[in-house]
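# Sequence and predicted structure are below.
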Amino acid sequence: QKDAISTTIINFNNEKMEITWATSKMFPGKNVSFYYTFEEGKQKYRKTCPTYLFTQGYISGCLFKTEGNSLAFYIMNSNGSEVLFSKKLKSDFYIKPNRPENVTFFWKDDTVTVTCNKPERGVRCLRLELQYKSKFDKGWQSRTSKCCRVGEQGFDPRKCYSFRVRLKRIVPSCNVVDYSSDWEAETFWMNSTLLDSCDDEIKAQSNTVILISCMMTLLLMIFILLILLCKWQRLQKSVMPTIPDPKYIFTDLFNDHNGNFQEWIDKTDHVVVQSKLEYEELECIIEEENQQIEKKKSDKQEPREKIFSFSEATENNHPKAAQNACLMPTFNNMVSFAGLQNVVNDDMYVML
């Protein structure tokens, strides 16, 4: 019998037992046999291993059903005539629990509470462990509490966190080996929202940055185009000044005469001459009134003198003639332009 043989013993949730050994070191080039018995059973005879485990073609372990707490097993030679190793143990000190079931996350402000279903056996020996990290954390942060509820606070609602939970056996009061369950599937949360992965947060932020960048680029391009448009309009006005449309200046030519210049000029000639006569008549009347006022003033201050002027002479001798002199302009010449007869007055203006 060899007491120095190293074996690994696992009781899977007190349902199945797995015992393995390093066969290449302990029994190089040899095949062995395995027998076991539970003292609580009615029949305490040795049972042959129902399921062998192999490593490189040699038996390296056995998998069998857990039938009690007190276990004795034997590693023997291939024909079972010699015991190579034997051991007695309490199987419930080697329990590895199953994964937690029905894991639920509760979020409230910055606090997260995780719960799971209670196992059927050994609840007092179990602890629920919660691990979490954000993309800014280098490693996992852990929090352990009694089964089956654990809480932690201080979570930033703007960050995405990875969570995982498992059940652990208490050492050494319940287990001689520190066995924990496998980790429950990792989940990703951000402010009470379940995500497929924390990459979604990065993608969402990237999409937001891209959208903002595109909008800013578009606004900048519109601003530059407006500036260029203003510059172009100024350049166009300086290089190619706008030519006024005559139809907006001579509205009556196009509206009343349909662009007939000869008809329009004949009508305009009568209007201009009449306006000129009315203006000169008004000018003569004003000049006559001013001279009468000056004459009254001179009669009071000095002896009356004879002042000869064209206006007074005509007023004293022929009042109507003076009035006609103001009304009728003196025409000097007639100017012909493109077949049209135009009058030139004393001020050298062409009367159309």
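Nice, I can see it.
# To which secondary structure element is F85 assigned?
strand 83-90 (DSSP states H and E).
# Name the residues that touch that strand?
Residues outside strand 83-90 that contact it (Cβ atoms under 8 Å, 6 or more residues apart in numbering): 1-3, 5, 7, 9, 21, 26-27, 32, 69-77. All C-beta atoms are positioned from the backbone trio N, CA, C, and that covers glycine.
# packing partners for the helix or strand just after that strand?
Using DSSP H and E, the helix or strand that follows strand 83-90 in sequence is strand 95-96. Judged by 3 or more Cβ pairs under 8 Å, 6 or more residues apart in numbering; DSSP states H and E, strand 95-96 is in contact with strand 7-12.
# quick one: average confidence on the next helix or strand after the strand it packs on?
Next along the chain after strand 7-12, taking DSSP H and E as the criterion, comes strand 16-21. The predicted model assigns strand 16-21 a mean pLDDT of 94.
# in its sheet, what does strand 16-21 sit against?
Here strand 16-21 is paired, per DSSP bridges, with strand 7-12 (antiparallel), strand 58-65 (antiparallel).
# quick one: it to strand 83-90, angle?
140 degrees (axes from the mean of the first three to the mean of the last three Cα atoms, to 10 degrees).
# Name the residues of strand 16-21 that are buried.
M17, E18, I19, T20, W21 (16 or more other Cβ atoms under 10 Å).
# I'd say the second one and I10 touch.
Yes: taking contacts as Cβ atoms under 8 Å, E18 lies within contact range of I10: 4.7 Å.
# Nearest to D266, out of the strands paired with strand 16-21?
D266 sits nearest to strand 7-12 of all the strands paired with strand 16-21, at 121.9 Å, using Cβ to Cβ.
# What are the phi and psi values at the closest residue to V103 other than its chain neighbours?
In this structure, V103 finds its nearest non-sequential neighbour in C116, 4.9 Å apart by Cβ to Cβ, 6 or more residues apart in numbering. Main-chain torsions, C116, degrees, to the nearest 10: phi -150, psi 170.
# what about C116, distance to P97?
Per Cβ to Cβ, to the nearest Å, C116 is found 11 Å from P97.
# so what's in contact with those two at the same time?
Residues touching both C116 and P97 (Cβ under 8 Å, 6+ apart) are L167.
# quick revisit: which one of the buried residues of strand 16-21 sits closest to Q131?
When the buried residues of strand 16-21 are ranked by distance to Q131 (Cβ to Cβ), E18 comes first, at 25.8 Å.
# check contacts around that closest one.
T8, I9, I10, F12, L53, G61, C62, L63.
# For beta bridges, what are the partners of it?
Residues in a beta bridge with E18, per DSSP bridges, are I10, L63.
# coming back round to it: so for R166, which of the strands paired with strand 16-21 sits nearest?
Closest to R166 of these, according to Cβ to Cβ: strand 7-12, at 14.5 Å.
# Show me which of C116 and P97 is the more surrounded one.
Shown here are C116 and P97; by other Cβ atoms under 10 Å, P97 has more neighbours (25 against 20).
# I'd like the distance between that one and S181.
Counting by Cβ to Cβ, the gap from P97 to S181 is 4 Å.
# With L130 instead?
13 Å.
# Same question for W107.
24 Å.
# just C230 next, same as before
Taking Cβ to Cβ as the measure, C230 falls 73 Å from S181.
# ditto for Y94
14 Å.
# And F27, by the same measure?
For F27, the distance to S181 - Cβ to Cβ - is 32 Å.
# ok, and for stretch 170-185, which residues are buried?
By 16+ other Cβ under 10 Å, the buried positions in stretch 170-185 come out as C174, N175, Y179, S181, E184.
# As a markdown table, the residues you listed with pLDDT would be great.
Below are the buried residues of stretch 170-185 laid out as a markdown table (pLDDT from 0 to 100):
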| residue | pLDDT |
| --- | --- |
| C174 | 91 |
| N175 | 92 |
| Y179 | 93 |
| S181 | 94 |
| E184 | 92 |
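# Which of those sits closest to V112?
Of all the buried residues of stretch 170-185, the one sitting nearest V112 is E184; the distance, using Cβ to Cβ, is 14.7 Å.
# surely that closest one meets N98?
No: checked against Cβ under 8 Å, the pair E184 and N98 is beyond contact range at 10.2 Å.
# tally of neighbours for C230?
C230: 10 surrounding residues under other Cβ under 10 Å.
# Neighbours of V114, how many?
Using other Cβ under 10 Å, V114 is surrounded by 23 other residues.
# any idea which helix or strand carries it?
Assigned by DSSP H and E, V114 belongs to strand 111-115.
# Run through the residues that contact F155.
Contact analysis of F155 by Cβ under 8 Å, 6+ apart lists D110, T111, V112, Y161.
# Brilliant, that's me finished.
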